[in-house]
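> This is a predicted model, with the sequence first.
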Amino acid sequence: MLALLLSAQVGAGSLGCVEPTCATPLPSPSHAPAGITAGAWDAWLALLHYWSEDGEWRSEVEDPSFFLDPEGPRNPEAEWAAAVQAFLEPDKASDSGVQPRCRFPARYQFLSSVLGWGDAPTPEPLCPQVEAHIVELGARSVSVVFVSHYLGNPASAFGHAMLHLAGEDRSSDAVLTDYSVSFEADTENMAPAEYLPRGLFGGLTAGYRTAPLHERVGRYERRELRDLWTFPLRLTDEEVERLVLHLWELKDLEFGYGFFGENCAQKLLALVHAIAPGYGVLPYRSAAVLPQEVARRLVERVGLASEPGHRPSLIGQYERVVHRLTQGEREGLGEMIASRTVPSQASPDVLNAALLWSEIETPFNAFERGSAESDPDAVWVRSLWTASVANLSTSASSLVAPEPARGASILDAHRPSRVVVRGGYAEGHGSIVGLGVRWLLHDAADPQLGYPRYSTVEVARVDAEASISGHIAVEEATAVRVEALGTSSEFHSPVAWRFEVGARRLSHLGGAPLHFGLEFALGLGASVSAGGTSIGFFSMAGVRPGVALAASGTDFVPTGLWSSGVLLSLPSDVRARLNGEYSFSLASLDGGGAMFSADIRRGLGDDWDAQLVLHRRVDRTTISLGLVSFR
């Protein structure tokens, strides 16, 4: 489960992930051929994905078919010489039977520019497959796309990042023909019990995959109901062309893959670095390489060519259309849905809303379902499509074209790591100071922008306190915590659940020992919102088998839990989580006790919160003020 939560995206036959560190260094100076500038040599090293390790060179690409010299994976000078020789002998095919210029068009283009071959060209072979590849992708610009976090599958809780290769025509219909690029592991026909250990300890293979954009939009935006944020990058025409040619060079290669090594986020940076090292997207030293942070880094280093775009999920599209309806149209929409009818006077927006509702509420694509003769709902869907076309509705284009981002973008969301410093008073201990650190990612009291509301996804969180009397205690040491606290709305499930691995204080036998264990809880949640204020309620029952560490020793204590709480968000960026919990021994059904906590926050600007914490448990009451920093 830990491996599952440390991945970033699992799709049909693909998986992306989170890496704890990405410290791939920029290539250090090497023995460049005579007359070659340091900048050109560094660009060569980047294009072949070389990096230096303990003074020795190594390419991230280990497949020998990527090189023209047997020593190429670890000898950039030998590969340079072999490439120059091969490119100057256009009639000589490689071992694969493909002429080198056709197998490595980006490499040939680069050397031709550096060595001045364009001034005195040699006869060039025709490369119809490369030309077809260029025409098929039709890329004129490149955007980085962030796919929002998705708790429907915990493996997608960190989101996903990919590239959008946009054509020259920016009309809605043309977007359908655009392509996307993603680095994905091959998990097709694998059960989680198989690919999770392989992803954690090695054994998965991966590669750069291009696919029509509409296929990925269908999966993320329409089936998984996730938002897509698009950030057009300020790459030059030459860099875009080299990216397309380099994708041809990489298209059939396999890479090793692991949750803690080479992954989707790092490989996206590596791809941009390979074709444009001058932007310095690598090295990237960070506690975690997350899809959202990759998008942020590319925007910061490469720059934006135009305003970001936002592609809402089906639910977002539905809410947008319904918001435009009059009260009478909303009532008519409800009647259409209830009766499965299509009134002749229904407006295009009402028809669009009904179509969107049908897709969200069914596990199959509405248009496909519309072809089924025996399904009453399918007959209704087909009638909706027919009426939409007759009314010249813009439903198809509105579901494809990104709209300008309104207000803050996903890149304005808080950073994933967090440090908390606080001071206060604890009953029986006097003045205290506390320190809390978290590696990843978000909890329900953090700023909500860009994250699933009423949710928590945390990895490696530790909170400790020290009193003026010298007493030091660990209050919490969580490896993984994931919560979906439930929202009762038209399209969201009211089911609330929590999974946790780690240690935290529980009330037991009149004290609050540190309990090490696994926790599973299930319940219900609901929410209401109006005028910038939202309130969520949840209640869950669960079990927590594990070991309690008390002053008298350790005991195996299978614990039962019941917890309820309120999540509050007010205007002016005031947030609060109020939580009550009762725990008891499942073995004896006694020895339990109650705890209450209140975490109240006020945003102070970019990546800062002020915090007030009140904590009441069987052995003491604590109150403290703190400062929260997101980094």
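Looks like it arrived, so ask away.
> And F491, what's its pLDDT?
If you check F491, the pLDDT there is 77.
> Going forward, count from 2.
Happy to do that; since the first residue is 2 now, the last one works out to F492.
> Please, where are all the strands along the stretch 202-351 of the chain?
With strands called from DSSP state E, counting those that start in this stretch, the stretch 202-351 of the chain shows them at 205-213, 229-233, 256-258, 310-312.
> Residues in a beta bridge with T231, which ones?
Taking DSSP bridges, one obtains V146, G310 as the residues bridged to T231.
> What's the local residue count around G512?
Residues within reach of G512, counting by other Cβ atoms under 10 Å, total 17. Using the backbone N, CA and C atoms, a C-beta is placed for each residue, glycine as well.
> Look up how far E466 lies from it.
16 Å (Cβ to Cβ, to the nearest Å).
> on that earlier part again, closest one to G219 among the strands of the stretch 202-351 of the chain?
G219 sits nearest to strand 205-213 of all the strands of the stretch 202-351 of the chain, at 9.4 Å, using Cβ to Cβ.
> could you say what helices and strands that closest one packs with?
Strand 205-213 sits against strand 180-186, helix 238-251, strand 256-258, helix 265-276, with contacts defined as 3 or more Cβ pairs under 8 Å, 6 or more residues apart in numbering; DSSP states H and E.
> Would you single out the least confident of the ones you listed?
For the helices and strands packed on strand 205-213, the bottom mean pLDDT is recorded on strand 256-258, which sits at a mean of 68.
> where does the stretch 102-251 of the chain dip in pLDDT?
119-127, 153-156, 170-177, 186-205 (pLDDT under 70).
> swap in the stretch 352-501 of the chain?
When residues are selected by pLDDT under 70, those of the stretch 352-501 of the chain lie in 363-376, 391-409, 489.
> which non-adjacent residue is nearest W609?
By the measure of Cβ to Cβ, 6 or more residues apart in numbering, the closest residue to W609 outside its immediate chain neighbours is S630, 6.0 Å from it.
> before we move on, the earlier item: please indicate which of the strands of the stretch 202-351 of the chain has the most neighbours on average?
By mean neighbour count, with neighbours taken as mean count of other Cβ atoms under 10 Å, strand 229-233 ranks first of the strands of the stretch 202-351 of the chain at a mean of 23.
> CA atoms only for it, dumped as PDB, please.
Backbone C-alpha positions of strand 229-233 (Å, rounded to 0.1, in the frame of the first residue of the first chain) are rendered in PDB as follows:
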ATOM      1  CA  LEU A 229      -6.400  19.300 -16.600                       C
ATOM      2  CA  TRP A 230      -4.200  22.500 -16.300                       C
ATOM      3  CA  THR A 231      -2.300  23.500 -19.400                       C
ATOM      4  CA  PHE A 232       0.800  25.700 -19.400                       C
ATOM      5  CA  PRO A 233       2.100  26.700 -22.900                       C
END
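> Check which helices and strands that strand is in contact with.
In terms of contacts (3+ Cβ pairs under 8 Å, 6+ apart), strand 229-233 is packed against strand 142-148, helix 292-303, strand 310-312.
> From the contact counts, what lies against the host helix or strand of G566?
Secondary structure here is read from DSSP states H and E; on that basis G566 sits in strand 560-571. In terms of contacts (3+ Cβ pairs under 8 Å, 6+ apart), strand 560-571 is packed against strand 515-531, strand 534-545, strand 575-586.
> That one pairs with which strands, parallel or anti?
For strand 560-571, sheet partners with direction are given as strand 534-545 (antiparallel), strand 575-586 (antiparallel), following DSSP bridges.
> Now find how far off-centre the last one is within its chain.
Computed by Cα atoms, centre = their mean, to the nearest Å, the chain-centroid distance of strand 575-586 equals 29 Å.
> Check stretch 514-533 too.
The chain centroid and the centroid of stretch 514-533 are separated by 22 Å, computed with Cα atoms, centre = their mean.
> follow-up on the earlier one: so for G304, which of the strands paired with strand 560-571 sits nearest?
strand 575-586 (32.7 Å).
> Using CSV, write out the CA atom coordinates for that closest one.
Once non-C-alpha atoms are left out, strand 575-586 reads as follows in CSV (Å, rounded to 0.1, in the frame of the first residue of the first chain):
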residue,chain,number,x,y,z
VAL,A,575,-9.5,30.9,7.6
ARG,A,576,-9.6,27.1,7.9
ALA,A,577,-10.2,24.7,10.8
ARG,A,578,-10.5,21.0,11.5
LEU,A,579,-12.2,20.0,14.7
ASN,A,580,-11.9,16.3,15.5
GLY,A,581,-13.2,14.1,18.3
GLU,A,582,-12.1,10.4,18.8
TYR,A,583,-12.9,7.6,21.2
SER,A,584,-10.6,4.5,21.3
PHE,A,585,-10.8,1.3,23.2
SER,A,586,-9.3,-2.2,23.3
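> mean confidence for it?
Strand 575-586 comes out with an average pLDDT of 94.
> Please give me every residue in contact with the nearest residue to R506 once chain neighbours are set aside.
The spatial neighbour of R506 that comes closest, neighbours along the chain excluded (Cβ to Cβ, 6+ apart), is A513 at 4.4 Å. Counting by Cβ atoms under 8 Å, 6 or more residues apart in numbering, A513 touches R506, L507, G594, M596, R618, V619, D620, R621.
> so which strand or helix has the fourth one?
So that's M596. In this structure, M596 sits in strand 594-606 according to DSSP H and E.
> Quick check on the residue nearest to R506: phi, psi?
When read as degrees, to the nearest 10, the backbone of A513 gives phi -140, psi 70.
> closest one to H430 among the helices and strands packed on strand 229-233?
Closest to H430 of the helices and strands packed on strand 229-233, according to Cβ to Cβ: helix 292-303, at 38.5 Å.
> returning to what we had before: quick check: the residue nearest to R506 vs A549, distance?
Distance, A513 to A549, by Cβ to Cβ: 10 Å.
> H134 contacts V245, doesn't it?
Yes. At 7.3 Å, H134 and V245 qualify as touching, with contact defined as Cβ atoms under 8 Å.
> between these two, which one's more packed in?
Remark: of H134 and V245, V245 carries more neighbours, 24 against 17, as counted by other Cβ under 10 Å.
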